[in-house]
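**Student:** Fold the following for me, if possible:
(chains A, B, C and D)
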Protein chains: 2
Amino acid sequence: MTTRWLTPEEQRAWRAYLAATHLLEDAIDRQLQQDAGMPHLFYSVLANLSDAPERRLRMTDLAETLKITRSRLTYAVTRLERDGLVRREDCRWDKRSSLAVLTDEGTAVLERTAPGHVETVRATLFDRLTPEQVGQLEEIFTGVVRGLQGDATEAGDDVPWRRRSSCAPPPPAEP
Amino acid sequence: MTTRWLTPEEQRAWRAYLAATHLLEDAIDRQLQQDAGMPHLFYSVLANLSDAPERRLRMTDLAETLKITRSRLTYAVTRLERDGLVRREDCRWDKRSSLAVLTDEGTAVLERTAPGHVETVRATLFDRLTPEQVGQLEEIFTGVVRGLQGDATEAGDDVPWRRRSSCAPPPPAEP
DNA sequence: CGGTCTTGGTTCAAGTTTTAAACAAACCTA
DNA sequence: TAGGTTTGTTTAAAACTTGAACCAAGACCG
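**Tutor:** Down below sits the predicted model:
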């Protein structure tokens, strides 16, 4: 089969995408390293924990939402634990699972550094976009996400199989 | 000054952006590592050289278009040179500069692996976008790029100063 | 010219991060 | 209970990045 090369428009879009994501990631990383002393990934860990109920998440779930391997997450959490921003806790109902919990100190760091981070995200991205473009951005990338991680789910979607995520008590037995 | 937090729409867009760029970069890196035995950055080096006149570029220019530090580029080119895909050459007119040149072998590797790469980019991104969305993507990110790298240029744009880029012969003296 | 500043590029050492494979414990299912 | 699966960590190796220091070559300026 003959290759479907990118059209000139697609090439321009692709180049712009590559350059922008590169510059953006650089800018954000630099700012966070400067003001929070950690790379973007670590900050994302804290941010996700902060949003979660009771400020805690199973390692696997966290890895999944961050789209990284468990191994990588183990490393990140170990570092954050060393700095006292995160603590590990055992799941009461599934003794294999461990939870990453945002400590008070972690919360404090987040509260202190979040404004600067948001400011950077604004300055580099959102302040340059019209409201319509914000919508377009979301639309485009939610599609991409669905396409990329849906692959696994798609095949088995005739199996309405539900995994118990998030360390939660087992469902009560039916009488 | 009080923080301007992200609106709910912006938050959704931001999350989608983060997840998508992450998954995309992963998918592309995995495919290239698999089929070309190199990470995305290295492939980009080859691709850029391939597009350049005479398949060669000054290190500094290449680093600039790739948005990476010269140090990082030195590392990449050294690796690629070790594999025979790139060769260094001295600039005849400015003996400080060195050029990265795509070798025949590098060209061959690129020709062999480009179809697979393009296919991945299509499958993960462009095949999911309408033509309008391709345009939106370009528009959004060219704006971001301008904003981020324009910072340096903006301040001095009253100085119509032109640097001689790309190893080229000096302009002939005016009679 | 001679001195100074800037640019281009590399080197080097240190540190960070990523990967992949192997592992152990806990859970599930038949 | 046996056999498979999920969870999470460990480990060692490799890959990568950073930043500072450095040298050489060009540019600038009196």
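**Student:** so what's A:Gly116 closest to, chain neighbours aside?
**Tutor:** In space, and not counting its chain neighbours, A:Gly116 is closest to A:Asp35: 4.8 Å by C-beta to C-beta, 6 or more residues apart in numbering or on different chains. Every C-beta, even on glycine, is put in place using the N, C-alpha and C of the backbone.
**Student:** What are the buried residues along the helix or strand where the one you found lies?
**Tutor:** Secondary structure from DSSP states H and E places A:Asp35 in helix A:8-36. Neighbour counts over helix A:8-36 (16 or more other C-beta atoms under 10 Å in any protein chain shown) mark A:10, A:12-29, A:31-32, A:35-36 as buried.
**Student:** other SSEs contacting it?
**Tutor:** helix A:40-51, helix A:104-124, helix B:8-36, helix B:131-155 (3 or more C-beta pairs under 8 Å, 6 or more residues apart in numbering or on different chains; DSSP states H and E).
**Student:** could you dump the ones you listed to JSON lines with distance to A:Glu64?
**Tutor:** Shown next, in JSON lines, are those (distance: least, C-beta to C-beta, whole Å):
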{"stretch": "helix A:40-51", "distance to A:Glu64": "11"}
{"stretch": "helix A:104-124", "distance to A:Glu64": "21"}
{"stretch": "helix B:8-36", "distance to A:Glu64": "10"}
{"stretch": "helix B:131-155", "distance to A:Glu64": "26"}
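**Student:** can you put those in CSV and add distance to DNA strand C?
**Tutor:** Below are those laid out as CSV (distance: least, C-beta to the nearest atom of the strand, whole Å):
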stretch, distance to DNA strand C
helix A:40-51, 6
helix A:104-124, 16
helix B:8-36, 7
helix B:131-155, 11
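**Student:** And the contacts of stretch A:106-119?
**Tutor:** Identification of contacts with stretch A:106-119 by C-beta atoms under 8 Å, 6 or more residues apart in numbering or on different chains yields A:28, A:31-32, A:35-36, A:43, A:46-47, A:49-50, A:55, A:80, A:84-86, A:102, B:3-6.
**Student:** these two touch, right, A:Val86 and A:Asp104?
**Tutor:** No. At 11.2 Å, A:Val86 does not count as touching A:Asp104 under the criterion of C-beta atoms under 8 Å.
**Student:** Going by how many neighbours each has, rank the two and give me the top one.
**Tutor:** A:Val86 (25 against 11; other C-beta atoms under 10 Å in any protein chain shown).
**Student:** Return the set of buried residues in the least confident helix or strand in chain A by mean pLDDT.
**Tutor:** Every helix and strand in chain A was compared by mean pLDDT, DSSP states H and E; the lowest is helix A:131-155, with a mean of 84. Neighbour-count burial for helix A:131-155, counted by 16+ other C-beta under 10 Å, picks out A:133-134, A:136-145, A:147-148.
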